[in-house]
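Colleague: Any chance you can model this:
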Amino acid sequence: MANHACIAIGINHYQFLPPLNYGEDDAQALWQFWLNQADLPSNQCLLLSDTAPLMGNQSSYPTRDNILYALENNRLTSGNSSNWRWFFFSGYGVRWEQVDYFLPIDANPKDIPGTAISARSLLGSLKAQGDENLLVFLDINRSPGLQAGAPVGSELVELAHQMGIVLVLSSQLDQFSHEAAGLGHGLFTTTLLEALTYYHTDTTLEKLEQYLGDRLPELSQHHWRPIQTPLFVIPPQTNQQQRIWPTAVYSPGIEPHPASPSMAFQSGTRWNTEDAAEDHSYNGIGTPKPTSGVSVLESPTYPSSIPGTTIHQTESVPMAMVPYITHGSKSASRKTPLWQQILLWGGGAVLVLLLMIAAVLFRNRDGFTNEPLVNPSPVNPSPITSPVATEPRSPQTGSDGTLNPPTSLPQTGEPSRLQVNQETLDQARRLLRPNQASLFNKAIVQARQVKPGDPLYAKARRDITRWSGVILDLAEGRAKAGNFGGAIAAAQLVPKDDWSVYGKAQQTINQWKILATQQQKNKTLIQEAKQQIQPNQASSYSRAITTLRPILPDQPGYDEAQQLTAQWSRTIYLIAQSRASRGKLQEAIQSASLVPAGTPSAEAAKVAIAKWQQGKR
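Modeller: Modelled structure (predicted):
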């Protein structure tokens with residue numbers, strides 16, 4: 001029986017669905033954070049992803065069976081109600097026939113109930129694992145080909161309330177979760193890691209909700225994405241001021257297996273972005289918050305302040321300067337030897353004395369400089385051969401005893417190359433507008449004016465790479481909305497400056513061309529189906545439904561086809577009800593038998609047919 005305090009699941013390459021970019025990276029980054037920052041033993045942190053190593057003899061490949069096995073065989077018995085267990089999922093989610101599902105890597109869109117994991121089943125398994133508090137983070141990507149009816153997440157919210165589970169969704173129900181190529185992660189996971197790095201062991205639900213609520217929309221704007229706001233579900237009985245930092249749980253008689261101290265240096269995963277290295281703030285207004293330039297694997301330096309939060313001075317020591325000591329460590333209470341105390345006090349006294357002498361000299365500097373020189377220096381000073389000095393030379397005494405004016409460095413009328421390049425990049429940034437790929441392309445053309453070897457060339461290349469990624473992200477957003485023509489047009493604007501981004505753009509263009517063709521074909525089918533409808537004629541609705549059947553779950557237009565099928569099935573059932581109410585039971589039975597199986601009205605039609613066959617209206 002496993003004893004996992006934290007579980008992270010991240011999926012990129014689905015077997016039957018379009019791939020995601022950073023699902024696996026998100027889960028791996030949080031898993032490494034638990035090991036390296038929370039100091040959890042490796043045997044209590046479970047990672048299921050495309051390339052995760054084996055967990056003992058059990059595969060960590062995130063199939064439906066492996067995920068269910070990991071959940072069903074995990075039990076915690078700490079008996080401590082203050083402990084928190086964490087669960088993180090980054091991948092596809094779908095709402096199918098009023099039920100929310102998580103999609104494992106082998107989920108088949110043609111058989112959602114048989115290949116996916118229902119939200120009730122997953123949350124129920126997590127709740128049954130122990131008495132500790134449960135914290136669930138879900139970064140759900142909504143597949144455009146799988147949405148039907150209400151958005152995924154509405155049942156999750158209800159279940160979290162019923163089960164008393166703290167649930168954090170990466171976006172509101174009417175929003176989408178976004179990724180950014182410049183971050184190498186999803187926006188939600190990036191913000192979550194920032195918050196955990198900032199508050200560390202002082203993390204509470206209240207602080208986490210405030211940080212994510214402020215930071216995630218800001219990060220969305222900075223990376224030119226639609227606003228994304230997290231959704232928190234916190235049961236009324238939950239203490240929001242309680243610390244939620246994950247804690248290791250040990251069963252009696254079992255020795256802990258701590259993570260290796262050198263583990264932080266064995267992995268190369270980072271979640272930093274080039275933006276943090278070149279911009280002090282995202283919007284240029286106010287005090288900057290910590291950016292994703294902080295490495296998950298390195299001890300972070302905390303920012304001085306965040307709007308709306310107060311950090312005590314006694315808790316703001318950067319981790320990079322002192323080793324992290326767990327509560328209860330004996331090494332933290334050892335006294336300093338006497339010789340070290342004497343050395344420290346003596347050194348401090350000398351330092352204070354030197355500072356006092358320096359203050360006296362500084363205050364009386366005018367008196368020293370106005371005293372006549374005993375041995376004046378030569379009248380003609382030696383010539384200045386280096387233009388390095390940034391301050392004007394001191395006045396010199398002439399032969400007549402008067403002071404000559406200070407000699408200043410020659411000024412040039414032409415701006416430096418640094419100034420020219422800075423203005424070039426500023427002009428490029430002024431071109432940018434949200435959701436306009438063509439303006440990002442124009443900004444790239446402007447930034448290319450900074451040539452190799454010039455000042456700020458490296459900065460220009462970073463801007464070009466980042467803006468290329470934004471163009472591709474905008475294209476992917478249009479494709480998710482079903483606008484394949486607009487997606488192709490945007491992706492064609494990705495330049496060849498960064499071949500990794502350009503190559504991906506070309507690959508997706510080919511995929512979108514196929515989907516655009518399929519979309520047009522399905523639109524034609526939908527139009528033909530609508531034209532077959534004749535009011536009050538049940539058979540015409542049945543023929544229209546049959547026309548829509550070739551539209552498959554992973555194809556564009558599937559959502560609309562499913563909605564029309566449900567709507568027309570309901571109409572057939574109502575026509576049958578109308579005929580039965582007039583005593584035409586045989587016609588009612590014939591009409592009701594046309595309601596397709598698997599639709600919301602199918603069960604009601606079946607019950608009605610049985611009643612009408614008995615001669616009852």
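Colleague: low-scoring stretches of the protein, by residue?
Modeller: Within the chain, the segments meeting pLDDT under 70 span 1-3, 74-82, 130-132, 142-150, 248-350, 352, 359-414, 434.
Colleague: Walk me through the domains of it.
Modeller: 6-178+233-269, 417-493, 532-613 (automatic domain parsing).
Colleague: To residue 222, which of those domains lies closest?
Modeller: Of all these, domain 417-493 sits nearest to residue 222, with 10.4 Å by C-beta to C-beta. No exception for glycine: its C-beta is placed from N, CA and C like everyone else's.
Colleague: end-to-end on the closest one?
Modeller: One end of domain 417-493 sits 29 Å from the other (C-alpha to C-alpha, to the nearest Å).
Colleague: Mind checking the domains of the chain for the one nearest to residue 516?
Modeller: domain 417-493 (3.9 Å).
Colleague: what about that closest one, distance to the chain center?
Modeller: Distance, stretch centre to chain centre, for domain 417-493: 22 Å (C-alpha atoms, centre = their mean, to the nearest Å).
Colleague: what's the answer for stretch 564-578, then?
Modeller: 43 Å.
Colleague: do the same with stretch 167-182
Modeller: With C-alpha atoms, centre = their mean, you get 7 Å for stretch 167-182.
Colleague: now do stretch 182-191
Modeller: 3 Å.
Colleague: what does that stretch rub up against?
Modeller: With C-beta atoms under 8 Å, 6 or more residues apart in numbering as the contact definition, stretch 182-191 has outside contacts at 22-23, 25-26, 29-30, 90, 139, 170-171, 177-180, 193, 211-212, 215-216, 219-220, 223, 225, 228, 230, 270-271, 273-275, 292, 465-466, 469-470.
Colleague: Restricted to strands, list the residues you listed.
Modeller: 90, 139, 179, 180 (DSSP state E).
Colleague: among these, who's most crowded?
Modeller: Compared across the ones in strands among the contacts of stretch 182-191, residue 90 has the highest neighbour count, 32 neighbours, by other C-beta atoms under 10 Å.
Colleague: As a check, name the ranges of all helices in the stretch 151-300 of the chain.
Modeller: 154-163, 187-199, 205-222, 274-278 (DSSP state H, counting those that start in this stretch).
Colleague: so what does the first one touch, helix or strand wise?
Modeller: Contacting helix 154-163 under the criterion 3 or more C-beta pairs under 8 Å, 6 or more residues apart in numbering; DSSP states H and E are the following elements: strand 99-102, helix 119-127, strand 166-169, strand 231-233.
Colleague: now the last one: how far from the chain's centre is it?
Modeller: The one in question is strand 231-233. On C-alpha atoms, centre = their mean, the centre of strand 231-233 falls 16 Å from that of its chain.
Colleague: And stretch 207-215, by the same measure?
Modeller: 13 Å.
Colleague: Check which residues of it are buried.
Modeller: Within stretch 207-215, the residues scored as buried using 16 or more other C-beta atoms under 10 Å are 207, 208, 209, 210, 211, 212, 214, 215.
Colleague: Kindly check the end-to-end length of stretch 70-89 for me.
Modeller: 14 Å.
Colleague: cool, stretch 36-54 as well?
Modeller: Using C-alpha to C-alpha, first and last residues of stretch 36-54 are 20 Å apart.
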